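Undergrad: give me a model of this one.
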Amino acid sequence: MNPQITQLYQIAQKPSRLILGLMSGTSLDGLDLALCRFSGFGLKTQVELVKHHTIPYPEEFKQSIREVFAKDQIHFPSLSTLNAQIGRLHAQFILDSLLSWGIAPKEVDAIASHGQTVMHRPMRSGNLPNSTLQIGDADHIAHLTGIITLSDFRQKHIAGGGEGAPLAVYGDYFLFSKKEEHRILLNIGGIGNFTYLSASQDPKDILVTDTGPGNTLLDAYVRQHFPGFHYDKDARLARQGILHIPLLDSLLNLPFFNEAFPKSTGPEYFNLELLNQVIHKNGYSLTPVDTLRTLTELTAQSISNAMQNYIPAIQTIHCNLIVSGGGSKNPLLMERLSKINPKMKVVESDQLGIASEAKEAVLFALLANETLMDDQVASNRRLGDSPWLSLGKISLPN
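TA: The predicted structure is shown next:
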């Protein structure tokens, strides 16, 4: 037997596993790394966040990703090169991080790599299959680090009838569901998404969906109209603007918001080209800061509308809204969520014991732990409307 297959078996027999989760989102800020110690699996999962940090991408590297990101036409050789380049860069980030933490690569049982999304394409008409593409080849990561690597988690979700997103439902349910407490786990990254966890802890009651733009329109607009700025830090720019109600109403009437739940989306849909089309079609005239204020409101309103329309009895139950992702650091956005949803207690996910900025990397580490440990895998299992499968492909180091 291949000794690396034997090693996989031995890892699954251990009382605990050290797994390094990697996440690089659509904001392209950099690579989030979360070193986690897991014991158990499913609802018996216990996790300790051992180390975590974010390594920023160099600006020229971010630009090379933007050239192929969510575009109808690209330079295909660049995509091919980036697939290897991202994998190799992530491997170097891993080795540098482990060295700085004083941890030898051989101490890490597995790496869980999300990769870099360059295309997400749900096809709700049914004429074509859903598809998604994350690059940053895991064979490069496994070979260069010497660590077994799990990656490409979204493909099995699509194969099982899902849209490949959002996948946070697994970690939200296993780590953060609580008997006798209704919770909404909201992540505001480039795209907003939430998991509703019923106080019953019954997996049939789970609801998970994307809500629309999180930070993707805000960040792209800031980069285009405010040279030297990459995002609206502390909402300082948006606070200078005035809400433009006609633009907000036009954006909230876009087809995506009228589609049935659950659903997923990405910058392929919510981008500056779409924003400019809406503005020019209606002849709106507003300043850049007014536009930012309106886009911030769009994120808050679209999230709130999705919760109100998708979660049954939301008006009659007490729900805690627990927010993670870059949007949780936007004070104007958090204020608006609290104002629009006065019955909800709005808090950051840090209060659950996992730093907001590390949560997504932790969740992908958890997916790897599930793939290694879950002994109840079945093709017909569901977490609410989401397929409940073993996700991820396994790359061996040698």
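
Undergrad: in terms of pLDDT, where does Tyr221 sit?
TA: The model reports Tyr221 with a pLDDT of 97.

Undergrad: work out for me the element it sits within.
TA: Element membership for Tyr221 (DSSP states H and E) is helix 216-225.

Undergrad: quick one: contacts of that helix?
TA: Under the contact criterion Cβ atoms under 8 Å, 6 or more residues apart in numbering, helix 216-225 has outside partners 26-27, 190-191, 229-232, 237-238, 266-267, 270-272, 275, 288, 291-292, 295-296, 298-299. Bear in mind the C-beta positions are built from the backbone N, C-alpha and C, glycine included.

Undergrad: what subset of those residues is buried?
TA: Listed as buried from these are 26-27, 190-191, 231-232, 237-238, 266-267, 270-271, 275, 291-292, 295-296, 298-299; burial here means 16 or more other Cβ atoms under 10 Å.

Undergrad: among those, which are in helices?
TA: For the buried ones among the contacts of helix 216-225, membership in helices holds for 275, 291-292, 295-296, 298-299, with DSSP state H as the criterion.

Undergrad: TSV for the residues you listed, including distance to Asn215 and pLDDT?
TA: Listed next are those as TSV, based on distance: Cβ to Cβ, whole Å; pLDDT from 0 to 100:
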residue	distance to Asn215	pLDDT
Leu275	14	98
Thr291	15	98
Leu292	12	98
Leu295	9	98
Thr296	10	98
Leu298	11	98
Thr299	8	98
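
Undergrad: dump those residues into JSON lines; add distance to Arg88 as well.
TA: Formatted as JSON lines, the entries for these read as follows, by distance: Cβ to Cβ, whole Å:
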{"residue": "Leu275", "distance to Arg88": "35"}
{"residue": "Thr291", "distance to Arg88": "38"}
{"residue": "Leu292", "distance to Arg88": "36"}
{"residue": "Leu295", "distance to Arg88": "35"}
{"residue": "Thr296", "distance to Arg88": "37"}
{"residue": "Leu298", "distance to Arg88": "38"}
{"residue": "Thr299", "distance to Arg88": "34"}
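
Undergrad: tell me where the stretch 51-200 of the chain has strands.
TA: Chain-ordered strands for the stretch 51-200 of the chain, with DSSP state E, counting those that start in this stretch as the definition, fall at 110-121, 131-135, 149-151, 182-188, 191-197.

Undergrad: Thr6: which of these is closest?
TA: Nearest to Thr6 among those is strand 110-121; the distance by Cβ to Cβ comes to 14.6 Å.

Undergrad: which helices and strands sit right next to the closest one?
TA: Using 3 or more Cβ pairs under 8 Å, 6 or more residues apart in numbering; DSSP states H and E, the elements in contact with strand 110-121 are strand 17-24, helix 76-101, strand 131-135, helix 138-145, strand 149-151, helix 359-373.

Undergrad: helices of the stretch 201-350 of the chain, start to end?
TA: 216-225, 245-252, 255-258, 272-282, 288-310, 331-340 (DSSP state H, counting those that start in this stretch).

Undergrad: of all the ones you listed, which lies closest to Thr81?
TA: Closest of those to Thr81 is helix 216-225, at 23.8 Å (criterion: Cβ to Cβ).

Undergrad: and for Glu181, nearest residue in space, chain neighbours not counted?
TA: For Glu181, the nearest residue in space outside its immediate sequence neighbours is Ala199; the separation is 5.4 Å by Cβ to Cβ, 6 or more residues apart in numbering.

Undergrad: how about the contacts made by that neighbour?
TA: For Ala199, the contacting residues are 178-182, taking Cβ under 8 Å, 6+ apart as the criterion.

Undergrad: picking up where we left off before, which of the ones in helices among the buried ones among the contacts of helix 216-225 lies closest to Phe174?
TA: Sorting these by how near they are to Phe174, with Cβ to Cβ, puts Thr299 at the top with 27.2 Å.

Undergrad: so the closest one makes contact with Gly326?
TA: No - with contacts defined as Cβ atoms under 8 Å, Thr299 does not count as touching Gly326, sitting 11.1 Å away.

Undergrad: give the intersection of the neighbour lists for these two.
TA: Common neighbours of Thr299 and Gly326 (criterion: Cβ under 8 Å, 6+ apart): 188, 214-215.

Undergrad: could I get those residues as JSON lines with neighbour count?
TA: As requested, these are arranged in JSON lines below (neighbours: other Cβ atoms under 10 Å):
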{"residue": "Ile188", "neighbour count": "27"}
{"residue": "Gly214", "neighbour count": "29"}
{"residue": "Asn215", "neighbour count": "28"}
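
Undergrad: look up how far Gly228 lies from the most far-flung residue of the chain relative to its centre.
TA: Relative to the centre of the chain, and counting by Cα atoms, centre = their mean, the farthest-placed residue is Met1 at 36.9 Å. From Met1 across to Gly228, the span is 57 Å (Cβ to Cβ, to the nearest Å).

Undergrad: ditto for Asn309
TA: In this structure, Asn309 and Gly228 are separated by 39 Å, where distance is defined by Cβ to Cβ.

Undergrad: for the ones in helices among the buried ones among the contacts of helix 216-225, which one is nearest Leu150?
TA: Distances from these to Leu150 were compared by Cβ to Cβ; the smallest belongs to Thr299, at 31.5 Å.
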